[in-house]
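Structure for this input, please:
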Amino acid sequence: MSTPQAYIVDAVRTPVGKRNGSLAKTHPADLGAHVLSALIARTGLDPNVVDDVVFGCVDAIGPQAGNIARTAWLAAGLPLAIPGTTVDRQCGSSQQAIHFAAQGVMSGTQDVVVAGGVQNMSAIPISQAMIAGRELGFTTPTAESAGWRERFGDTPISQFNGADMIATRWDITREDMERWALQSHERARTAIAAGYFDNENVPLGDCVVDECPRETSMEKMAGLSPLAEGSRLTAAVSSQISDGASATLVVSEKALIQYGLTPRARIHHMSVRGDDPVMMLSAPIPATAYALKKTGLSIDDIDVVEINEAFASVVLAWLKESGADPSKVNPNGGAIALGHPLGATGAKLFATLLNELERTGGQYGLQTMCEGGGTANVTIIERLG
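Coordinates of the predicted model:
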């Protein structure tokens, strides 16, 4: 008996708002509501047939607390009977939301699931959930754990430290990273001008186009101070703080027929793997190798890759280990240029991956991203039609 398939009907996202930009004052529930409403309107789906709404969100405090998946659905005026749940796999939260949606469909227990994510980093600064614990006597999520200290010692757990460790281990220079960052901005500006993101973007208020890409140069970047003394990192080679939301419709074959939906792609593979939590950001390397081995595909079979540019060192180390063709990797720029609205990024990249496969006529697309805790999701999709 063949395994049931999970199909992608549509994927949308807001344009990404820069820090304190056009989306900064938008309540996270309203950000999420916007993409949910757009997804329902574009697909013509009766919202009453949705089995669940799975959303990614990090720093789920204040306006992002209380199960933002459910809050956003209700803020959109959508049916009370439809539930929602919120996922936190750090930066990979909404990619994991897509995995959970697909797994629900492939298990045969669900037929229509909406997956996505939301993050307003202007309103809720990064790591606020961790900082909030200090009032309760916890300096970090791990420092007061005897088991953690016994295993990993007192080494600071920091994404910046992890990105620097990667740069050192894979011998990636600051100039290497600045060259990749410059390319990211150039690719992003080209893609925006050519309208490559138009089919996935659903403008919200004054935010009608991605706000983060900028004009820069190797000379400008070379003049920046490092993020810490002795670091190879600067703000120029790091992802940008930003705001946004994203949503994807995942359905079964039965739902395609029953509701007259047209699939754009199918989920070919989903997995998640872990690596050193102190280095933190290296897991896309073993995760990609694992996914390719499981599927029998080679990296050359992959037509488009979206790997989150948390830091340039993450992507450059992955390129060294994977042997991927750099021209296929983040061909329309990455988070260094386009921003990284934490909980929304996974489904945002998914929308970009889907549209780029269609634009170029590719068959397979691979998405991966580093995540807090030293994990990484990998999703491989196959374009249909």
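
dump the residue contacts of Glu384.
Careful, residue 384 is Leu; it's not Glu. Leu384 makes contact with 7, 263-266 under the criterion Cβ atoms under 8 Å, 6 or more residues apart in numbering. Quick note: C-beta positions are derived from backbone N, CA and C, even for glycine.

Apologies, that question was intended for Pro277.
Contact partners of Pro277, counting by Cβ under 8 Å, 6+ apart, are 152, 157, 373-374.

Take the residues you listed and, keeping just the buried ones, write it as a PyMOL select command.
Selecting the buried subset of those in PyMOL, with 16 or more other Cβ atoms under 10 Å as the burial test, is done by:
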select buried, resi 157+373+374
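
Closest to Met106 out of the contacts of Pro277?
Gly373 (25.3 Å; Cβ to Cβ).

ok so, going back, any chance of the contacts of Leu384 in JSON lines, plus distance to Asn161 and neighbour count?
Formatted as JSON lines, these follow (distance: Cβ to Cβ, whole Å; neighbours: other Cβ atoms under 10 Å):
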{"residue": "Tyr7", "distance to Asn161": "41", "neighbour count": "21"}
{"residue": "Pro263", "distance to Asn161": "42", "neighbour count": "20"}
{"residue": "Arg264", "distance to Asn161": "40", "neighbour count": "19"}
{"residue": "Ala265", "distance to Asn161": "37", "neighbour count": "23"}
{"residue": "Arg266", "distance to Asn161": "39", "neighbour count": "16"}
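
from the middle of its chain, how far away would stretch 146-161 be?
25 Å (Cα atoms, centre = their mean, to the nearest Å).

what's the answer for stretch 12-19, then?
12 Å.

which residue is nearest the centroid of the chain?
Residue closest to the mean C-alpha point of the chain, counted by Cα atoms, centre = their mean, is Gly346 at 2.1 Å.

Next, that residue: secondary structure please.
helix (DSSP: H, G, I helix; E, B strand; the rest coil).

For the closest residue to it other than its chain neighbours, give its distance to Gly153.
Spatial nearest neighbour of Gly346, excluding adjacent residues (Cβ to Cβ, 6 or more residues apart in numbering): Gln95 at 2.9 Å. Taking Cβ to Cβ, to the nearest Å as the measure, Gln95 falls 30 Å from Gly153.

Thr109 too?
Thr109 is 43 Å from Gly153, where distance means Cβ to Cβ.

With Arg19 instead?
As judged by Cβ to Cβ, Arg19 and Gly153 stand 34 Å apart.

More neighbours: these two, which one.
Per other Cβ atoms under 10 Å, whichever of Arg19 and Gly153 has more neighbours is Arg19, with 16 against 8.

Quick one: residues contacting the nearest residue to the more buried one once chain neighbours are set aside.
In space, and not counting its chain neighbours, Arg19 is closest to Ile241: 4.4 Å by Cβ to Cβ, 6+ apart. For Ile241, the contact set (Cβ under 8 Å, 6+ apart) comprises 19, 121-122, 125-126, 339-340.

For those residues, which single residue is the most surrounded?
Gly339 (29 neighbours).

Mind putting the contacts of Leu384 into TSV with distance to Met130, pLDDT and secondary structure?
Putting the contacts of Leu384 into TSV (distance: Cβ to Cβ, whole Å; pLDDT from 0 to 100; DSSP: H, G, I helix; E, B strand; the rest coil) gives the following:
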residue	distance to Met130	pLDDT	secondary structure
Tyr7	37	98	strand
Pro263	40	98	coil
Arg264	38	98	coil
Ala265	36	98	strand
Arg266	37	98	strand
